[in-house]
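# Using only what follows, build the 3D model:
(chains A and B)
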Amino acid sequence: MASQAVTPQSQDFSKWYNEIVYKADLASQSPVRGCIIIKPYGYEVWEAIKAGLDRRFKETGHQNAYFPLFIPQSYLQREAEHVEGFSPELAVVTHAGGKKLEEPYVVRPTSETIIGESFSQWIQSYRDLPLLINQWANVVRWELRTRPFLRTTEFLWQEGHTAHATAEEAQAETMQMLEVYAEFCREDAAIPVVKGQKSNIEKFAGALRTYSIEAMMRDKKALQSGTSHNLGQNFAKAFDIKYLSRDNVEEYCWTTSWGVSTRLVGAVVMAHGDDQGLRLPPKLAPIQVVAVPVYKNDDERAPVLDAVQRIVAELKAAGIRVHVDDRDERPGFKFNDWEMRGVPVRLEIGPKDVQNDKAVLARRDIPGRDGKQFIAQAGIVAAVRDLLADIHDNMLAQATTFREQNTHEISTYEQFQGIVADGGWAIGWWAGNDDDERRVKDETGATLRCFPLDQPDGAGQCFFTGQAAERVAIFSKAY
RNA sequence: CGGGGUGUAGCUCAGCUGGCAGAGUGCUGCGUUUGGGACGCAGAAGUCAUCGGUUCGAAUCCGGUCACCCCGACCA
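Residues are numbered from 1 along each chain as shown, chains lettered A, B, ... in the order given. Below you'll find the model as predicted:
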């Protein structure tokens, strides 16, 4: 049951976020430290995310498979950077079946190693390439600090793993999947993202290059919402992933990996939510339209419910996800309750509407009277369909405007510090090295989110070192 | 792993100068209500984190343990 008011975003954003997660019934706390229980309503949002992505993966030629949860510890050690990056956050199984294991198993933090081992067996010839695999799975990373959906010890995700004959093909795949993520965020989640390349410090342990999509949350912080890695030949060499070329020469493959997780649920909450609660983009909303019947007494009840059932049947037949709230509560309570849960459209039908063959549609993205329209019952399916499309467009536009208003070009470190202190993204020319990047982080709390793929023409002067710079970077506080 | 805090009803918490286990909210039932968070009446609900100690008597005082939260460190 969603209940009463929520802490305003402006007062305490973290508190607001936590309350939304629980009050909108997305998740509940679990007995296990750092883990959450994803409740049916939250899981349905994840299922919609999965469906949207899975369709796109298939359309781009990928197939799903499933690899073991347990990975022999020695596998991780085969790629030097990889093991160094992950060892602090591994959960290791040392005992099983009442006995100490000969070799411990690591609970997968990601599957490059065990999938690489398989790839080395599956791939013999250039004819076996490219190999395009995806896995939907759970992974475990023993994080010290967790937050529901954003960073949990166990989480659900997908990890794509591909092998290619050439460096160019691997790079093309890396960029293609980054675009798939960006397109999904825009078209299904109504979240605008910046595609960019990660700095050396932030790149994936074992990758040649890491790319990410970065989204701005309502508190102006950045959330890395998806990553795509060009792994070069690092894992191919560590796992002996080789093929015989057309010229009968043995060559190492070029591999990629890419993933998004249940963190996306958190992204949806923090990119769209307001002080009334969650706001779900129509394509991901488990319930797109909630029908609330309104009546004063038993005489009014029957005809109102008849009309509701008739309209709901029409909407369902048109493939719209509808729910009738026939609980014995007052309408006002239901309005607030469904707003907390983020349902995009509310359909109200009362005695007056039945009399006039009308209905009321209220949209979640525009509060109050301005978001209400009185329409004829005939043609309601088309009206709802148009409204859902319009809500998506409007939510995307709102989020885009918000991001633009809070992204600032800077050319000096002083300006930079001002922007970071006020919240928001700072974008400027950057030529610093790893140490410079760490210093900026230590001094301001902001990290280099990415070098955007869309770069301005020409060159400039680094706002930190004063050196000539070829690229601009986005810096921000991040989750 | 360092510093601080909290464990009492499903949830939020009061009770802590030792003396019958409490409130708000939620839940169940009945009735009145119903176009923006209604109200009345009746009810169910607890190993007061845990183990030990002091005491005639412990939610309350003392000690140990465990768990969780916040800040820091850590972090695809």
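
# Need phi/psi at the residue sitting furthest away from the middle of chain A.
No residue in chain A has its C-alpha farther from the mean C-alpha position than residue A:299, which lies at 47.9 Å (C-alpha atoms, centre = their mean). Per-residue torsions, residue A:299: phi -60, psi -40 (degrees, to the nearest 10).

# Need the pLDDT of it.
Reported pLDDT at residue A:299 in the predicted model: 90.

# is it fair to say residue A:186 lies in a strand?
No: read with DSSP: H, G, I helix; E, B strand; the rest coil, residue A:186 is helix and lies in no strand.

# quick one: the strands in the stretch 51-200 of chain A?
Using DSSP state E, counting those that start in this stretch, the strands of the stretch 51-200 of chain A run over residues A:63-64, A:70-72, A:91-96, A:99-107, A:131-140, A:154-164, A:194-197.

# And those strands: which comes nearest residue A:348?
With distances scored as C-beta to C-beta, the stretch of the strands of the stretch 51-200 of chain A nearest to residue A:348 is strand A:154-164 (36.0 Å). Quick note: C-beta positions are derived from backbone N, CA and C, even for glycine.

# Can you list the buried residues in the closest one?
Of the residues in strand A:154-164, those with enough neighbours to count as buried (16 or more other C-beta atoms under 10 Å) are A:154, A:155, A:156, A:157, A:158, A:159, A:160, A:161, A:162, A:163, A:164.

# now do stretch A:238-246
Within stretch A:238-246, the residues scored as buried using 16+ other C-beta under 10 Å are A:238, A:239, A:240, A:241, A:242, A:243.

# I figured the second one was touching residue A:117, is that so?
Yes: the pair residue A:239 and residue A:117 qualifies as a contact (C-beta atoms under 8 Å) at a distance of 5.5 Å.

# Give me the common contacts of these two.
The contact sets of residue A:239 and residue A:117 do not overlap (C-beta atoms under 8 Å, 6 or more residues apart in numbering).

# can you narrow the buried residues of strand A:154-164 to ones near RNA strand B?
When C-beta under 7 Å from any atom of the strand is taken as the criterion, the members of the buried residues of strand A:154-164 that contact RNA strand B are A:157, A:159.

# Okay, and which of the buried residues of stretch A:238-246 map to strands?
If you go by DSSP state E, the buried residues of stretch A:238-246 have A:242, A:243 in strands.

# Among the buried residues of stretch A:238-246, which one sits closest to residue A:422?
Using C-beta to C-beta as the measure, the one of the buried residues of stretch A:238-246 that approaches residue A:422 most closely is residue A:238, at 44.9 Å.

# Which helix or strand contains residue A:419?
Element membership of residue A:419 [criterion: DSSP states H and E] is helix A:413-422.

# Point out the residues in the stretch 201-350 of chain A that sit beside RNA strand B.
With the criterion set to C-beta under 7 Å from any atom of the strand, the stretch 201-350 of chain A comes near RNA strand B through A:202, A:204-205, A:224, A:227, A:259, A:261, A:276, A:294-297, A:328-333, A:335-337, A:339-340, A:346, A:348-350.

# Just the buried ones among those residues, please.
Taking 16+ other C-beta under 10 Å as the criterion, what is buried in these is A:202, A:204-205, A:224, A:227, A:259, A:261, A:294-295, A:335-337, A:339-340, A:346, A:348-350.

# partner residues bridging residue A:28?
Residues found in beta-bridge contact with residue A:28 (criterion: DSSP bridges) are residue A:37.

# From residue A:39, how far out is it?
Residue A:28 sits 6 Å away from residue A:39 when distances are taken as C-beta to C-beta, to the nearest Å.

# Ok, which of the strands of the stretch 51-200 of chain A comes nearest residue A:460?
With distances scored as C-beta to C-beta, the stretch of those nearest to residue A:460 is strand A:194-197 (17.0 Å).

# Report the next helix or strand after the closest one in sequence order.
For strand A:194-197, the succeeding helix or strand toward the C-terminus, using DSSP H and E, is strand A:209-216.

# In space, what's closest to the closest residue to RNA strand B within chain A - neighbours in sequence excluded?
When you check chain A against RNA strand B by C-beta to the nearest atom of the strand, the closest residue turns out to be residue A:350, at 2.1 Å. With C-beta to C-beta, 6 or more residues apart in numbering as the criterion, residue A:350 has its nearest non-adjacent residue at 3.6 Å, and that residue is residue A:294.

# residue boundaries of the helices in the stretch 1-150 of chain A?
In order along the chain, the stretch 1-150 of chain A carries the following helices (DSSP state H, counting those that start in this stretch): A:13-23, A:40-59, A:73-76, A:80-86, A:112-122.

# still on that earlier bit, any idea which of the strands of the stretch 51-200 of chain A scores lowest on pLDDT?
If the strands of the stretch 51-200 of chain A are sorted by mean pLDDT, strand A:91-96 sits at the bottom with a mean of 87.

# Okay, now the sheet partners of it, with direction.
Strands that pair with strand A:91-96, judged by DSSP bridges, come out as strand A:99-107 (antiparallel).

# which parts of the partner strand are buried?
By 16+ other C-beta under 10 Å, the buried positions in strand A:99-107 come out as A:104, A:105, A:106, A:107.

# which pair in the residues you listed spans the largest distance?
A:104 and A:107 (10.3 Å).

# Residue nearest the middle of chain A, spatially speaking?
The centroid of chain A falls nearest to residue A:264 when counting by C-alpha atoms, centre = their mean (2.1 Å).

# And it, its phi and psi?
When quoted as degrees, to the nearest 10, the phi and psi of residue A:264 stand at phi -60, psi -30.

# The closest residue to it other than its chain neighbours: neighbouring residues, count only.
The shortest distance from residue A:264 to any residue that is not its chain neighbour, by C-beta to C-beta, 6+ apart, is 5.5 Å, and that residue is residue A:49. Applying other C-beta atoms under 10 Å, we find 25 residues neighbouring residue A:49.

# ditto for the one 10 residues further on
As a burial measure, residue A:59 scores 9 neighbours (other C-beta under 10 Å).

# For it, which residues are in contact?
If you count contacts by C-beta under 8 Å, 6+ apart, residue A:59 has none.

# and what of residue A:188?
For residue A:188, the residues meeting the contact criterion (C-beta under 8 Å, 6+ apart) are A:48, A:49, A:52, A:281, A:283, A:284.

# what is the mean pLDDT for stretch A:170-177?
For stretch A:170-177, the per-residue pLDDT averages 98.

# cool, and stretch A:252-270?
Average pLDDT, stretch A:252-270: 96.

# The stretch 301-450 of chain A: strands as residue ranges?
Counting by DSSP E, counting those that start in this stretch, residue ranges of the strands within the stretch 301-450 of chain A are A:322-324, A:345-349, A:358-363, A:372-376, A:407-409, A:425-430, A:447-452.

# relative to strand A:345-349, how tilted is the fourth one?
The one in question is strand A:372-376. Using axes from the mean of the first three to the mean of the last three C-alpha atoms, to 10 degrees, the direction of strand A:372-376 lies 60 degrees away from that of strand A:345-349.
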